[in-house]
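got a predicted structure here, sequence first:
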Amino acid sequence: MSEHHPEPDEDSRPWWDALARHLLTYQTCTDCNGVVFYPRNRCCHCLSDALQWHQSLGLGTVYSRTLVHRAPDPRMRDQLPYPVALIDLDEGFRMMSRLVGPDANQTPIGARVQVVFGLGPDGRPLPFFEPVDPVAAPDKRGDANGGGHETT
Ligand SMILES: [Zn+2]
């Protein structure tokens with residue numbers, strides 16, 4: 001169903017298992033030091049099978065974004081349109097994911113985002129991303145919504 005995330009299989013099972021524990025993981029190759037994503041059993045750079053799993057901090061930058069107007073899954077039709085982005089994670093891999101949160105539809109290219117964990121339409125855990133900082137009003141971020149802590 002999902003063109004956005006790897007399907008669970010033998011190679012990606014550790015990724016899904018970690019995701020269920022709210023951990024975003026990726027692989028690196030111990031032979032060429034390349035970063036490997038999506039999960040697979042051989043390095044996409046040098047075909048080595050010497051891959052290691054790592055935990056991502058889940059922080060990244062929006063590389064590109066688009067609004068989805070036709071849901072790949074009929075169960076998501078009531079959420080249309082929703083923003084989907086290519087996100088460059090700080091660890092050096094790029095993944096496609098949904099942008100969520102109140103500012104999701106305004107999240108610009110280049111915005112800093114962080115992973116949040118939710119559920120896909122089939123109930124599987126999925127990583128989504130939301131802006132790290134409020135996008136809408138850069139100069140007047142009021143505390144009207146009771147945001148709690150202040151970061152100056
Ligand atoms: Zn390699």
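That came through fine.

same question for the lengthiest strand in the chain: list its buried residues.
In the chain, with assignment by DSSP state E, the single longest strand is strand 59-68. Buried residues in strand 59-68, counted by 16 or more other CB atoms under 10 Å: 59, 60, 61, 62, 65. C-beta here means a position set from N, CA and C on the backbone, and glycine is covered the same way.

give the contact list for the residue nearest to residue 79 when sequence neighbours are not counted.
Closest residue in space to residue 79, ignoring its immediate chain neighbours: residue 71 at 7.3 Å, by CB to CB, 6 or more residues apart in numbering. Counting by CB atoms under 8 Å, 6 or more residues apart in numbering, residue 71 makes contact with 77, 79, 80.

10 Å instead, please
Residue 71 is in contact with 77, 78, 79, 80, 81, 82, 121, counting by CB atoms under 10 Å, 6 or more residues apart in numbering.

from these, pick the one nearest residue 35.
Taking CB to CB as the measure, residue 82 is the one of the contacts of residue 71 closest to residue 35, at 27.5 Å.

what's the spacing between that closest one and residue 7?
Going from residue 82 to residue 7 by CB to CB, to the nearest Å gives 21 Å.

do residue 83 as well
Residue 83 is 23 Å from residue 7, by CB to CB.

just want to know which of these two has more residues nearby.
Legend: neighbour count by other CB atoms under 10 Å for residue 83 and residue 7, higher for residue 83 (19 against 11).

isn't the more buried one up against residue 106?
Yes - counting by CB atoms under 10 Å, residue 83 does reach residue 106; the two are 8.8 Å apart.

overlap in contacts, those two.
residue 99.

avg pLDDT for the helix or strand containing residue 28?
Assigned by DSSP states H and E, residue 28 belongs to strand 24-29. What strand 24-29 shows for mean pLDDT is 98.
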